[in-house]
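Q: how would this look folded up:
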Amino acid sequence: MIVHVFDRHLFYLSVCESFLSGKLRITDRQLTAQIVSLIIHAEMKVEQNIHQVLLRYQDYLPEASPWRGDSELRWLIFPELEKLDGVSKAVAEYRLIQMVDSLLLYGASYHTARNSVGTSLNIAVTSSGIVFFSEDWNELKRSEPIVSF
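A: Sure, this is the predicted structure:
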């Protein structure tokens, strides 16, 4: 059982590192609030006041996050944190792992390129295909993998 707890915590730390470094790109504000609330809950010390932690919500966002200066995100995080009242840190870690595991772009390999006109593109290679994004990460097109035997 200790091995499973240790493995879960290592995977949780890996997910946090991917999110905070910007490798895991989240383009939905509500999903970002849910992820941040799970990380805050798992990392918050028992004696910390939730309101004090919410004042530092930006510490739990990637540097390049579009919501880093968005104070409205704080008000999306707060109800998510309230839902976690009474939930153990281990369960919060597990929920984060489950949530991220279901995302299409988790584990994607990112690349930049230029199209034939010279416009910059961002490309994500995932297990379910290739996703093309504009320079500011708006999704342009998805290509499903072609598998033949």
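
Q: Could you use CA atoms for every contact and neighbour count after this?
A: Noted.

Q: where along this protein do the strands fall?
A: 109-114, 120-126, 129-133, 139-143 (DSSP state E).

Q: Save those strands as CSV, and put in distance to residue 31, mean pLDDT and mean neighbour count too.
A: Conversion of the strands of the chain to CSV gives the following (distance: least, Cα to Cα, whole Å; pLDDT from 0 to 100; neighbours: other Cα atoms under 10 Å):
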stretch, distance to residue 31, mean pLDDT, mean neighbour count
strand 109-114, 20, 87, 13
strand 120-126, 19, 87, 18
strand 129-133, 19, 85, 19
strand 139-143, 17, 85, 12
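
Q: Geometric centre of this structure: which residue is closest?
A: Nearest to the geometric centre of the chain sits residue 19, at 4.5 Å (Cα atoms, centre = their mean).

Q: coming back round to it: closest to residue 76 out of the strands of the chain?
A: The minimum distance between residue 76 and the strands of the chain falls on strand 139-143, with 23.8 Å, by Cα to Cα.

Q: who touches residue 27 in this structure?
A: By Cα atoms under 8 Å, 6 or more residues apart in numbering, residue 27 lies in contact with nothing.

Q: Could you report the neighbour count for the nearest residue to residue 35 once chain neighbours are set aside?
A: Computed as Cα to Cα, 6 or more residues apart in numbering, the closest residue to residue 35 that is not its neighbour in sequence is residue 96, at 6.5 Å. Residues within reach of residue 96, counting by other Cα atoms under 10 Å, total 22.
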